[in-house]
Structure formats: C-alpha cells, structure tokens
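K.L.:
Sequence and computational prediction follow.
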Amino acid sequence: MDLNGYLQAYQLELNTNASDRLGSYVNFYNEDFQGDVFSYDVFILGVPEGRLSLKNETCAFAPDEIRTSFYELYRGEWNLKVLDLGNLILGQKVEDTYVALEELTSYLIREGKVLLVLGGGHDLITPIYKGHCAFGKPLNFASADAYLDFQDGDNYHSRSFLSQLLASKESLLSKYCLFGYQTYLCSPNELSLLEQMDFNLLRLGEVNADIKEMEPYMRDLDHLSVDLSVVKHSEASATVYSSPNGITAEVLCAMFRYAGMSHGIKSVLFSDLNPRLDKNGQSVKVYAQAIWYFLEGLHLRYDDFPDEERNNFQRFHVSSELSDLIFYKSEQSGRWWVELPKNPSSDKVLLPCSFLDYKKAVDGLLSDRLLKQVRL
C-alpha cells in the first residue's frame with residue numbers, strides 16, 4: 001500500500017526541544033520516510049473531516065490542535081514505538097474520505113497494529129467499522145457519548161451513524177456499548193429499541209458512580225470512540241452539543257487507560273472537538289491527556305486471561321436460586337471473569353466482570369451486568 005497517496009505529513013512545531021517531551025518520543029511519517037513502518041506499534045492519524053458533523057463542522061480543525069497539546073506533554077516510561085502518519089488527504093466527497101480511512105484501517109489492523117484517529121466528526125466511526133469488517137469477525141464496539149446518535153430518518157451524519165452500523169450488510173456488530181448517555185437528551189423510543197437489541201447502554205450516573213465498574217466492559221473491545229459531548233461543559237466546552245452535566249476529564253482518562261489495557265482494542269477515535277469553541281485550549285488538553293493515558297494502558301498490557309495450563313488464577317463456585325456461576329480471579333492482576341451457564345454442546349465462555357459482581361453473587365444477587373447475560 002502506497003501511504004504517500006493517502007497522507008499529508010504533519011510538521012511538528014514546539015517551543016521546546018526537550019528529549020523527554022512526546023514531540024521527541026514520537027516519530028513522524030513523510031514522503032522521505034526510510035524506516036520500516038511496521039516496526040511501530042501505534043499509529044496516529046489525523047482525519048480533518050467535519051462535513052457531516054452536524055452544526056459542528058469546524059471540528060475538522062481539531063487534529064493539529066490536539067497534537068499541539070499532546071506533543072508538549074512529558075513522555076511516560078513506555079516501551080512503545082509510535083508513528084504519527086500525518087493527516088489523511090480528504091476526498092472531493094465525504095464518501096471518498098471514508099473509503100480511504102476504511103482502507104487504512106484494514107491495512108494497519110491486518111498487521112496487528114493499533115490505530116489512533118484524531119477527528120473530525122463522530123461519523124468517522126463508520127469507515128473505521130467497515131475497515132474492521134474486512135476480517136469477517138464479530139465486533140465489539142463502544143462509544144462515550146451523551147447522545148445515542150441513532151435515527152434521523154434517512155439522513156446520515158455524526159448524530160445518526162449508529163443506524164447505519166446496525167443496518168450494514170456486514171452485520172458484524174455483535175456488541176455495542178454506550179458510556180455516559182444522558183436520558184433527557186435521548187429519545188425514549190430509540191432507547192427502548194436499542195435495549196431490546198441487548199446493547200449495553202450505561203447512563204451518565206452509572207459511569208460517574210464508579211469508573212472501576214466500567215473496566216470489564218472495556219476488556220474485550222475492538223474499538224472505542226469518544227464524542228466530546230460526553231464531557232461536562234465546564235471541563236471541555238468545544239462542541240455545540242456540550243451539556244452542564246457529563247463525565248469529568250479524569251474519568252475520561254481512566255476510561256482510555258482501561259481501553260489501552262484491553263488486548264482486543266485495535267482502534268480509537270477522538271471526535272467532534274471544535275477548536276473555534278475551545279476556551280484557552282482546555283478541550284484539546286482533555287483529549288491530549290486522554291491519549292496519554294491510552295498509551296499508558298497499552299504499555300501496561302499483560303496476559304492475565306485464566307489459563308488451565310498456566311494455573312494463573314483462583315476459582316470460586318457460587319450457587320444461588322438464580323444460577324450456578326464459576327468466578328475466576330487472576331493471580332497476576334486481580335481482575336475477574338465469570339463462567340456463564342452454557343448448553344452442553346457449547347464451549348466455555350468467560351465474561352469479564354468485577355469483584356463487585358462476585359460479591360453480589362455471594363450475597364445471592366446478580367448484578368445488572370450478569371443478569372443480562374444469564375437471561376440471553
């Protein structure tokens with residue numbers, strides 16, 4: 001694949017040449033690049049496409065603004081190799097941009113790499129999704145968003161992309177999780193429809209109550225995207241859809257740290273940040289720091305999945321009137337899984353869970369997370 005036909009190099013301009021800043025840690029791709037592209041672990045790609053970001057079109061200017069803040073941060077103690085590919089060259093039509101992003105996504109995922117996309121609108125999740133679909137495997141996608149981004153008749157834009165994902169001919173979206181939606185901003189009929197499809201829809205209050213309980217949802221993700229509307233206005237105001245309520249920047253960073261630790265995650269998207277509405281660059285700092293924590297999570301990845309041969313776990317049997325469950329606790333990380341009841345002909349399935357899920361089961365209760373799975 002000839003990357004030069006897709007990309008416009010990013011020119012780094014920093015006020016400091018300190019070797020411990022991220023601007024010195026990350027490498028940058030250009031047409032004269034001589035290194036082995038696939039020796040890198042993580043790829044940063046700007047997609048300045050905002051034409052379908054409804055009423056927020058100038059989010060197209062966000063990628064370079066996010067970079068400016070990100071590359072001024074100090075690096076972590078990481079062993080990751082990161083390459084900034086620059087910005088995707090936009091097509092004459094939005095659909096042309098989509099095709100290019102889909103091809104790049106497939107190209108990098110095929111090589112086992114992680115793609116970090118700086119948008120642009122949240123509608124960019126669609127070509128990223130199609131890029132994942134090229135491999136024919138069921139997908140687990142998630143978004144952090146104050147809105148459902150579901151139906152709007154036949155109109156497709158950044159506020160209605162989920163309808164197209166569900167109706168796609170690939171039909172590979174096996175799981176979808178929405179973090180931090182605000183009920184008064186969402187249609188009750190649409191909420192009911194998505195709940196009937198067994199998606200995990202987590203209200204703002206659930207996310208804010210205990211961010212640690214969100215970690216199991218992150219563990220098996222293929223993709224996570226964030227719409228800036230999910231962050232409260234007082235901490236990140238650079239979107240026309242911001243709300244007085246929302247998650248904090250700290251919670252967003254924790255969320256992306258968990259996402260980075262997921263062995264399955266192959267892509268992330270930061271979307272709908274409108275620099276023209278950003279006061280004192282506060283919003284780009286929020287995204288820049290969330291990216292930092294995502295890389296921190298990648299660095300901290302370890303293989304702690306329960307394995308009989310390695311005997312790397314503790315097993316706990318819990319019986320109740322509702323069901324018989326087997327919980328597994330990793331001796332390395334302390335993370336939990338639960339074995340769900342199964343048909344005799346099916347393979348054993350371990351679902352990521354938390355200590356709180358186990359504790360409730362011991363008390364004879366099933367958490368919402370487990371109750372939903374047992375009923376399936």
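P.N.:
Everything's here; your move. Owing to the predicted nature of the structure, the values given are computational and were not obtained by experimental measurement.
K.L.:
What segments of this structure are helices?
P.N.:
Counting by DSSP state H, the chain has helices at residues 22-25, 62-70, 94-110, 125-133, 161-167, 188-196, 204-209, 215-218, 249-261, 282-299, 355-362, 368-375.
K.L.:
Between these, which has the poorest mean confidence score?
P.N.:
Among the helices of the chain, helix 368-375 has the lowest mean pLDDT, at a mean of 80.
K.L.:
Buried by neighbour count: which residues of that helix qualify?
P.N.:
Burial within helix 368-375, assessed by neighbour count using 16 or more other C-beta atoms under 10 Å, is assigned to 369, 370, 373. The way it works is simple: take the backbone N, C-alpha and C, and place the C-beta from them, glycine included.
K.L.:
Residues touching that helix, excluding its own?
P.N.:
Under the contact criterion C-beta atoms under 8 Å, 6 or more residues apart in numbering, helix 368-375 has outside partners 198, 200, 216, 322-323, 325, 338, 340-341, 351, 353-354, 357, 360-361, 366.
K.L.:
Over to stretch 318-336?
P.N.:
Contact with stretch 318-336 is made by 215-216, 219, 302, 304-306, 312-317, 337-341, 350, 352-355, 357-358, 361-362, 364-366, 370-371, 374, as judged by C-beta under 8 Å, 6+ apart.
K.L.:
returning to that earlier point: now distance to residue 151 too, for the helices of the chain, in JSON lines please.
P.N.:
Formatted as JSON lines, the helices of the chain follow (distance: least, C-beta to C-beta, whole Å):
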{"stretch": "helix 22-25", "distance to residue 151": "40"}
{"stretch": "helix 62-70", "distance to residue 151": "26"}
{"stretch": "helix 94-110", "distance to residue 151": "20"}
{"stretch": "helix 125-133", "distance to residue 151": "15"}
{"stretch": "helix 161-167", "distance to residue 151": "5"}
{"stretch": "helix 188-196", "distance to residue 151": "6"}
{"stretch": "helix 204-209", "distance to residue 151": "21"}
{"stretch": "helix 215-218", "distance to residue 151": "24"}
{"stretch": "helix 249-261", "distance to residue 151": "26"}
{"stretch": "helix 282-299", "distance to residue 151": "28"}
{"stretch": "helix 355-362", "distance to residue 151": "33"}
{"stretch": "helix 368-375", "distance to residue 151": "23"}
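K.L.:
out of those, nearest to residue 10?
P.N.:
helix 62-70 (6.5 Å; C-beta to C-beta).
K.L.:
and the angle for the closest one with helix 282-299?
P.N.:
Helix 62-70 and helix 282-299 meet at an angle of 70 degrees, taking axes from the mean of the first three to the mean of the last three C-alpha atoms, to 10 degrees as the criterion.
K.L.:
which residues in the stretch 201-350 of the chain form strands?
P.N.:
For the stretch 201-350 of the chain, strands defined by DSSP state E, counting those that start in this stretch occupy the ranges 223-227, 267-271, 313-319, 324-330, 336-339, 350-353.
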